[in-house]
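**Student:** Based on what follows, work out the 3D shape:
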Amino acid sequence: MRETIGFFGGTFDPPHLGHLILGAEALNQLALTRLLWVLTPQPPHKPGLEISPAQTRLEMLRLAISAEARFQLSQVELDRPGPHYTIETARLLQTQFPAAQLVFLMGGDSLRDLPGWKDPAELIRLCRLGVMRRPSDQIELAALERILPGISAQVSFLNAPLLEISSREIRQRAQSGASFRYYLPEKVYDYIQQHQLYR
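**Tutor:** Numbers count the residues shown, from 1 in each chain. Down below sits the predicted model:
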């Protein structure tokens, strides 16, 4: 039986409960064999963004996903020089897992902006797209189909509880001394406290 492997990229600074809920819903709704968590060293669309060192984020991500056997850490973007584009990650994963069906997890806003990405037509040829909706998303698949023929057949929408949690808000809370304990897996919270991150 053909393996179905999802991949979910991000800076994960820090990884929080919202990320894990989306990952768990993707496993179940998209029938994924496993989900690769791909740490992005420096996102090309956010130049100049101040983020924690990659090894710090990698350790937090390792701790965050440790309870689910089908969640796996991928260093595919850490092991090569940037800039890191999704299409290049997809090509590398296709080489690593030639027999697998790849599913790229993305937000609805990213789907809307996909025509402006690098080589979007090849991306939808290599991968299915698991799209996480937000109420504010304005996605017109028919309009996207005119620009990227075949995209409609590659999109699966995910239904997941919407948690208004962001890594940026957690960093701000940590910096200001506000409570952020219950936004995170316990191991990640303990790591942040132990290493006095975001102070």
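**Student:** so where is the protein shaky, pLDDT-wise?
**Tutor:** For the chain, applying pLDDT under 70 flags the ranges 43-49, 135-136.
**Student:** residue ranges of the strands in it, please?
**Tutor:** Using DSSP state E, the strands found in the chain span residues 4-10, 34-39, 71-74, 101-107, 127-132, 155-158.
**Student:** and among the ones you listed, the most buried is which?
**Tutor:** Highest mean neighbour count of the strands of the chain: strand 34-39, a mean of 23 (counted as mean count of other Cβ atoms under 10 Å). Yep, even glycine has a C-beta here, placed from its N, CA and C like the rest.
**Student:** List the strands paired with that one, with their directions.
**Tutor:** Under the criterion DSSP bridges, strand 34-39 sits next to strand 4-10 (parallel), strand 71-74 (parallel) in its sheet.
**Student:** CA atoms of the last one as CSV?
**Tutor:** This means strand 71-74. Extracted C-alpha coordinates of strand 71-74, given in CSV (Å, rounded to 0.1, in the frame of the first residue of the first chain):
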residue,chain,number,x,y,z
PHE,A,71,5.1,12.8,14.0
GLN,A,72,8.7,12.9,12.8
LEU,A,73,11.3,15.6,12.7
SER,A,74,12.8,16.5,9.3
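**Student:** From the chain's centroid, how far away is that strand?
**Tutor:** On the basis of Cα atoms, centre = their mean, to the nearest Å, strand 71-74 sits 11 Å off its chain's mean C-alpha point.
**Student:** contacts for it?
**Tutor:** With contact meaning Cβ atoms under 8 Å, 6 or more residues apart in numbering, strand 71-74 is reached by 7, 23, 34-39, 58, 61-62, 65, 93.
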